[in-house]
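Participant: Sequence first, then the predicted structure, then my questions.
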Amino acid sequence: MKTFFISVSSAILLSILCGCASIHHGEEATTRSVAERWFKAIEDGDVDTALNMLDDKIVWQNIPKAKGLSDIIPWLGTYRGREEVIKSFRIWGENSDVNSFKVEKILVQGNEVIGLCHEIATIKETGIRAEIFFIQYFTVENEKLVQWRSFWDPCPYISAFRGQEVEYLEPR
């Protein structure tokens, strides 16, 4: 029975990731529209549009603060409210230049969104490039992002802040 459950769960997850099982209800269509506008604003560098899509009481967790890690990457942590999120963006912009940001995949279920993103940035202090793939997970209410979490491997940024080049795989 356990194997059957795992197989069925894997099949459902795979079908969702492939877009085979997506059901678009009114809420999902609205959420998808918000997600597409959000990611387009970020890809285009349209800060005003992106910031206007944040609820005033948004909670954003960009990797939890951790002693030692947050000292290296100063914009990590949990931010409550639109003004705190804006402050974290300023810190990010003071320390890095985004060379490329691309959304690879958007998944929507109800009022929840998962976006697979690819970012290349250069750390200003060292001139070293950091390249990451990361997940943005957020919840939409009243066409605004109300809760947002980012999941990514900070190693490329740590290396770049330390002045160390990272060897990246070439895309196929």
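Facilitator: That came in fine, so what should we check first?
Participant: continuing past the helix or strand of the chain with the lowest mean pLDDT, what's the next helix or strand?
Facilitator: Taking mean pLDDT, DSSP states H and E as the measure, the helices and strands of the chain show their lowest mean at helix 2-18, namely a mean of 44. In the C-terminal direction, the helix or strand that comes right after helix 2-18 (DSSP states H and E) is helix 26-44.
Participant: Let me know the next secondary structure element after that following helix.
Facilitator: helix 47-52.
Participant: If I take the helix or strand where Tyr137 lies and helix 26-44, what angle do their directions form?
Facilitator: Here Tyr137, judged by DSSP H and E, is contained in strand 129-141. When axes from the mean of the first three to the mean of the last three C-alpha atoms, to 10 degrees is applied, the directions of strand 129-141 and helix 26-44 differ by 150 degrees.
Participant: centre of the chain versus strand 129-141, how much separation?
Facilitator: Once both centres are worked out by C-alpha atoms, centre = their mean, to the nearest Å, strand 129-141 turns out to sit 1 Å from its chain's centre.
Participant: which helices and strands sit right next to that strand?
Facilitator: Applying 3 or more C-beta pairs under 8 Å, 6 or more residues apart in numbering; DSSP states H and E, we find strand 129-141 packed against helix 26-44, strand 96-109, strand 112-123, strand 144-152, helix 155-161. In this view, the C-beta of every residue, glycine as well, is placed from N, C-alpha and C.
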